[in-house]
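> Curious how this folds, go ahead:
(one chain, ligands or ions: 3)
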Amino acid sequence: MLNLLTSTQIRQADSHTISKDQISSIDLMETAAVAFTDIFTNQYPQKSTSISIYCGTGNNGGDGLAIARQLKQRGYSAISVKIARFTDKASPEFDANLKRLAEVDVAPVEIKNDNFEGENAVVVIDALLGTGLSRPVEGYYRALIEFLNKIPAKIVSVDIPSGFCCEDHIDPKAAVIHSDLTITFQLPKINFFFPESGAAINRFEIADIGLDEEFLAGQDSHFKLIRREDVQKILRPRKQFSHKGTFGHGLIVAGSDQTMGAALLCAEACMQTGAGLTTACIPPQGLAGLNARIPEIMAIIRERSFTFTDLEKYNAIAAGPGLGYSEETVKLIKDMVLKSQVPLVIDADALNMLSQRLEWLKKLPDYSILTPHMKEFDRLFGQHNTWWGRVETAKKKAAENQLIIVLKNRYTFIVMPDGKVCINPTGSPSMSTGGMGDVLTGMIVSFLAQGYEPKDAAILGTYIHGYCGENYPGYICPPSALVKNIPIKISEIMGENWL
Ligand SMILES: NC(=O)C1=CN([C@@H]2O[C@H](COP(=O)(O)OP(=O)(O)OC[C@H]3O[C@@H](n4cnc5c(N)ncnc54)[C@H](OP(=O)(O)O)[C@@H]3O)[C@@H](O)[C@H]2O)[C@@H](O)CC1
Ligand SMILES: Nc1ncnc2c1ncn2[C@@H]1O[C@H](COP(=O)(O)OP(=O)(O)O)[C@@H](O)[C@H]1O
Ligand SMILES: [K+]
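Ligands and ions are numbered 1, 2, ... in the order given. Sure, this is the predicted structure:
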């Protein structure tokens with residue numbers, strides 16, 4: 001997994017690379033400028049595009065000046081450079097790049113107060129402030145950022161949108177550039193994955209600047225980004241002499257009169273993800289639908305006062321999707337919490353029951369997996385004002401109770417009992433449709449049933465769920481369509497190894 005680092009750690013990686021590879025800071029900046037320009041020119045190949053580059057006087061501004069020179073040398077003819085010179089301080093690399101800019105015949109304009117001139121460029125490159133941000137942005141910088149956010153130009157930020165806080169709580173009132181594209185150096189920054197960054201970051205791309213990989217991987221960090229190769233390493237091919245018993249038996253306790261679809265989606269996801277057997281425990285009204293839609297799935301009919309006498313025959317159990325909240329269902333779930341010998345996947349209504357009975361948290365089998373969305377999470381663990389706060393709480397609760405918490409969003413956070421936070425990169429807004437979480441629960445329980453470790457089941461389920469959704473060729477991805485694609489998508493990820 002990719003080790004995600006704080007701004008301070010990335011600065012240390014810069015310095016380490018400079019001393020180890022015996023390259024100068026100015027040369028590293030040049031590498032960064034070239035890597036940025038390669039991506040930028042792919043996005044904007046038209047050399048007549050009018051481009052204004054706004055530079056601060058630190059190293060982010062130094063990058064901006066080097067990028068201006070690169071663009072000019074590559075034949076971009078309509079380049080203008082604006083320097084926000086609000087203090088007397090300037091970094092040596094900034095000064096050096098300012099001198100080099102004269103070589104390509106670009107004369108920068110200096111901005112010294114908030115008397116900004118109109119800006120007609122089609123593209124603005126934002127190189128005002130980078131990871132050296134040391135305090136909230138105020139004064140002329142704030143005014144300039146607010147000015148740039150109002151003009152119609154597309155904004156491409158260098159490394160981070162100016163004013164962006166790379167880790168810790170994001171202040172919604174902070175002055176920050178609203179970028180269309182952020183081209184970031186070496187590593188995505190931790191807060192790129194937090195929902196509050198949505199205003200500042202529409203999308204980002206990574207420019208490799210050759211920092212020492214070993215050093216980056218060796219830094220202490222709780223945040224890891226899941227990559228395709230991690231998933232490929234975990235997935236096991238199905239062996240020739242395997243049979244349905246090899247792949248486990250998943251039980252789905254779900255569904256009520258009004259929300260039977262949740263049970264059907266969850267059970268189908270379990271089957272399509274490869275469990276040997278899937279049983280859905282549903283009310284009698286769901287039986288006809290289940291048999292008609294998914295004949296592969298067995299049913300246990302849940303009449304009033306139903307209790308399980310044979311829980312031990314299931315290799316994995318999921319509870320909650322569309323289950324409904326009644327005295328009967330609470331009793332059923334309580335029984336499972338106390339009796340199950342295998343980790344449970346707890347979702348939807350079962351999570352809401354848990355939030356009223358927090359004493360169950362300690363009683364759940366170790367490595368049980370909770371799959372809350374934001375509202376379910378706050379119902380469980382209290383109201384949070386920021387996602388950073390939510391993730392901090394998830395780390396604490398996962399450790400205290402030896403649980404895995406799958407906190408769902410655009411980038412789902414999979415929080416492990418040891419405090420590790422694995423961030424899932426896959427998925428798309430086409431997946432924001434009711435029923436999508438039910439499918440995720442079915443996929444996770446399926447991997448558990450097949451014998452994967454709970455932490456691996458959570459990673460596989462979440463990554464592959466998002467992968468199926470992001471590749472769906474349509475404006476929305478209906479959960480019932482996603483579910484049919486799961487087997488093909490798993491073999492696509494596995495490549496030649498799928499059998
Ligand atoms: N060789 C390398 O290291 C490489 C670095 N690279 C690039 O360097 C960037 C980091 O550069 P950096 O450290 O110089 O910081 P940067 O973001 O330009 O700003 C610092 C200046 O801003 C000031 N300032 C801070 N907060 C402020 C505020 N709220 N409002 C107003 N001013 C504020 C601060 O002042 P001070 O805090 O000292 O008062 C200082 O003067 C990084 O993002 C990447 O783009 C790449 O080229 C790769 C190689
Ligand atoms: N914009 C998005 N980008 C990526 N994934 C998304 C997006 N919107 C929703 N999802 C995914 O879809 C699922 C929705 O789950 P949930 O809210 O529990 O749905 P439901 O309760 O309707 O089943 C989560 O796994 C979430 O990560
Ligand atoms: K910037």
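> Verify the stated contact: residue 164 with residue 199.
No. Between residue 164 and residue 199 there is no contact under CB atoms under 8 Å: 10.0 Å. C-betas here are computed from N, CA, C, even on glycine.
> Neighbour count: the two, which is higher?
residue 164 (26 against 17; other CB atoms under 10 Å).
> and stretch 91-110, is it in reach of ligand 1?
Yes. With CB under 6 Å from any ligand atom as the criterion, ligand 1 is reached by stretch 91-110 at residue 91.
> Show me the common contact partners of residue 164 and residue 199, please.
residue 176 (CB atoms under 8 Å, 6 or more residues apart in numbering).
> Look up how far ligand 1 lies from the closest residue to ligand 3 within the stretch 51-200 of the chain.
Proximity of the stretch 51-200 of the chain to ligand 3 (CB to the ion) peaks at residue 162, 4.2 Å away. Between residue 162 and ligand 1 the computed distance is 8 Å (CB to the nearest ligand atom, to the nearest Å).
> Residue 204: neighbouring residues, count only.
Neighbour number of residue 204 under other CB under 10 Å is 17.
> so what's it up against?
By CB under 8 Å, 6+ apart, residue 204 lies in contact with 181-184, 188, 192.
> The residues you listed in strands, which ones?
Of the contacts of residue 204, the ones assigned to strands by DSSP state E are 181-184.
> Poorly predicted segments of the stretch 351-499 of the chain, please.
Residues of the stretch 351-499 of the chain meeting the criterion pLDDT under 70: 499.
> would you list every one of the helices in it?
Taking DSSP state H, counting those that start in this stretch, the helices of the stretch 351-499 of the chain run over residues 360-363, 374-381, 387-401, 436-449, 454-470, 479-494.
> Using PDB, write out every CA atom in the first one.
This means helix 360-363. Extracted in PDB, the C-alpha atoms of helix 360-363 (Å, rounded to 0.1, in the frame of the first residue of the first chain):
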ATOM      1  CA  TRP A 360     -22.600  -5.000  22.300                       C
ATOM      2  CA  LEU A 361     -19.400  -3.500  20.900                       C
ATOM      3  CA  LYS A 362     -17.300  -5.400  23.400                       C
ATOM      4  CA  LYS A 363     -19.300  -8.600  22.900                       C
END
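> can I assume residue 416 is in contact with residue 394?
No. Counting by CB under 8 Å, residue 394 is not a contact partner of residue 416; they are 9.8 Å apart.
> The two - which one has more neighbours?
Using other CB under 10 Å, the more surrounded residue of residue 416 and residue 394 is residue 394, with 27 against 23.
> hang on, the residue of the stretch 51-200 of the chain closest to ligand 3 in a helix?
No. Residue 162 is assigned coil when assessed by DSSP: H, G, I helix; E, B strand; the rest coil, not a helix.
> Test my guess that it contacts residue 56.
Yes. Residue 162 lies in contact with residue 56 (CB under 8 Å); the separation is 7.3 Å.
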